[in-house]
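> I'll drop the sequence and a predicted model, then ask my questions.
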There are 2 protein chains.
Amino acid sequence: MLHSAKPTALSPSDTHVSAHDRVYRTLRARIMYGDIAPGEALTLRGIGREYDVSMTPAREAVRRLVAEGALSLSSSGRVATPELSNERIEELAALRALLEVELSSRALPRAHMALIDRLHSINATIAEMVSKRDAVGYIRTNLEFHRTLYLRAQAPAMLAMTETVWLQLGPTMRALYGRLRRTDPPQNHRLIIAALKAGDEPGLRLAVRSDVTQGLRLLTG
Amino acid sequence: MLHSAKPTALSPSDTHVSAHDRVYRTLRARIMYGDIAPGEALTLRGIGREYDVSMTPAREAVRRLVAEGALSLSSSGRVATPELSNERIEELAALRALLEVELSSRALPRAHMALIDRLHSINATIAEMVSKRDAVGYIRTNLEFHRTLYLRAQAPAMLAMTETVWLQLGPTMRALYGRLRRTDPPQNHRLIIAALKAGDEPGLRLAVRSDVTQGLRLLTG
DNA sequence: ATGGGCTATCTGTGATCACAAATGCGGGCT
DNA sequence: AGCCCGCATTTGTGATCACAGATAGCCCAT
């Protein structure tokens, strides 16, 4: 290594993993949670400088994110977070609805009380993020709510695909958050929890579909 | 370049594209169409030797395919095409059903006579592949049938996601083909075409679901 | 003959370098 | 003063090298 291998606050799970994986994970989180605005440009050398690695791991991380649709590389290879067209946003919202309704449906028979409690707790954190006007925290916690529910579906491929959609929508969701100014209590989340408690599958499917669709709707309108 | 840049039969669209893209596309097609058996190992230097490039483009292509689930890297980074568990296969089949039913549904209002003719022609090629016992050709043409239909849905993100599922199922589909010995005329494909002609959406959804599900079913049974 | 340890080789990872294309900035011309 | 050309810089791409860990094969001791 040319530069000193300074830790820069690496989490326990970051130990002993490869450099490109660390770069990938960090960039992925930043994009998914709306920390990067749509259209923002990135350079391999810049990323390398930021994470204290050479161009090689930076390139692999970027290449992987491009493959997942999190970044778009313009002509001549310049890489930036994509600015989605309205059609694309609607399509991704439809994908979210399709996948997440199915996932919630599969999670329903496996939803115990501990899960409900956990979801309630996450909901409280969401309310807190809303009151603090913390966009990134809001998006992250909101997705954690969904992920916690869908993990119960025992469908890793489906969940991975859903997270890919979240990733593509990340920068857009940030822009969305900036547009909705009101203190938005997670109303649909409460409907989801209620349907889970009642074992009401049609209600759950409807609530998930509403929660996923309504936010994106006012972006395309 | 160290080695001579020999063309090795590059198609017109391969001109002026980067090396890793050429490697990626070729490997992707080989995996998706079942040219590589499940569990087969690959090495970066081997790929580089085969395509006459250095390790760098080979690594990027492999990394991208791993990101898409087409390859799985074992502990210590060894890379191979994955051997799917039965649960995984069922999940991917469910994903195919979910996505492709939606895509066909969206394509239905846009399906004109030219499309029907095209599908008929592809079907004839499928029958030809079956009679020739050409597994790779069969899989490729079968997927071309589906892709041709779904292209009409005007939903690129959804189609891309579907192709990712195809990619993950590629080696498995090859194993499936080996198991079904009978000359399998594309019966469901005819049902799909009939439903398209009649404008029968429920029938189309059912036919697509059957076509997607039935093949994979006998692998997990 | 067989089991165990040691080494040669192979593999992925990451850094560095060379190169070409694109970008952007500054100076000179009209 | 405004515009355009040309060069310096920046950027991505690909090749090569150094290195560490894993793998496997081989030799020797029992």
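Looks like it came in fine.
> ok, now which ones touch the closest residue to residue A:96 other than its chain neighbours?
Distances taken as C-beta to C-beta, 6 or more residues apart in numbering or on different chains place residue A:212 nearest to residue A:96, at 4.5 Å, with adjacent residues excluded. Any C-beta I mention is one placed from the backbone N, CA and C, and that applies to glycine too. Going by C-beta atoms under 8 Å, 6 or more residues apart in numbering or on different chains, residue A:212 touches A:93, A:96-97, A:100-101.
> Check the spacing between whichever residue of chain A sits closest to DNA strand D and chain B real quick.
Residue nearest to DNA strand D within chain A (C-beta to the nearest atom of the strand): residue A:77, separated by 2.7 Å. From residue A:77 over to chain B the distance is 8 Å, taken as C-beta to the nearest C-beta, to the nearest Å.
> got it, and residue A:45?
For residue A:45 relative to chain B (C-beta to the nearest C-beta), the value is 16 Å.
> host element of that residue?
Element membership of residue A:45, judged by DSSP states H and E, is helix A:44-51.
> tell me the helices in chain A, going along the chain?
A:19-32, A:44-51, A:55-67, A:86-107, A:113-131, A:135-151, A:156-179, A:187-198, A:201-220 (DSSP state H).
> For the first one, which helices and strands make contact with it?
With contacts defined as 3 or more C-beta pairs under 8 Å, 6 or more residues apart in numbering or on different chains; DSSP states H and E, the secondary structure elements packing on helix A:19-32 are helix A:44-51, helix A:55-67, helix A:135-151, helix A:156-179.
> again, 10 Å this time
helix A:44-51, helix A:55-67, helix A:135-151, helix A:156-179, helix B:55-67 (3 or more C-beta pairs under 10 Å, 6 or more residues apart in numbering or on different chains; DSSP states H and E).
> Going by mean pLDDT, which of those comes out lowest?
Note on these: helix A:156-179 shows the lowest mean pLDDT, a mean of 91.
> Could you pick out the buried ones from the contacts of residue A:212?
A:93, A:96-97, A:100-101 (16 or more other C-beta atoms under 10 Å in any protein chain shown).
> picking up where we left off before, tally of neighbours for the residue of chain A closest to DNA strand D?
10 (other C-beta atoms under 10 Å in any protein chain shown).
> Provide a list of residues in contact with it.
By C-beta atoms under 10 Å, 6 or more residues apart in numbering or on different chains, the contact list for residue A:77 reads A:44, A:62, A:66, B:18.
> Once you drop chain neighbours, what's closest to residue A:80?
Nearest non-adjacent residue to residue A:80 (C-beta to C-beta, 6+ apart): residue A:41, at 4.3 Å.
> which ones are touching residue A:121?
Applying C-beta under 10 Å, 6+ apart, the residues near residue A:121 are A:145, A:148.
> per-residue confidence at it?
The score at residue A:121 is 96. That number is its pLDDT.
> Repeat that for the one 3 residues further on.
Taken from the predicted model, the pLDDT recorded for residue A:124 is 94.
> quick one: contacts for it?
Counting by C-beta under 10 Å, 6+ apart, the residues that residue A:124 touches are A:141, A:186.
> just the one 10 residues further on next, same as before
Shown in contact with residue A:134 (C-beta under 10 Å, 6+ apart): A:128, A:140-141, A:177.
> Pretty sure residue A:42 is one of the things residue A:49 touches, is it not?
No. Counting by C-beta atoms under 10 Å, residue A:49 sits too far from residue A:42 to count as a contact (11.5 Å).
> Of these two, which one has the most company?
More crowded of residue A:49 and residue A:42, by other C-beta under 10 Å: residue A:42, with 19 against 14.
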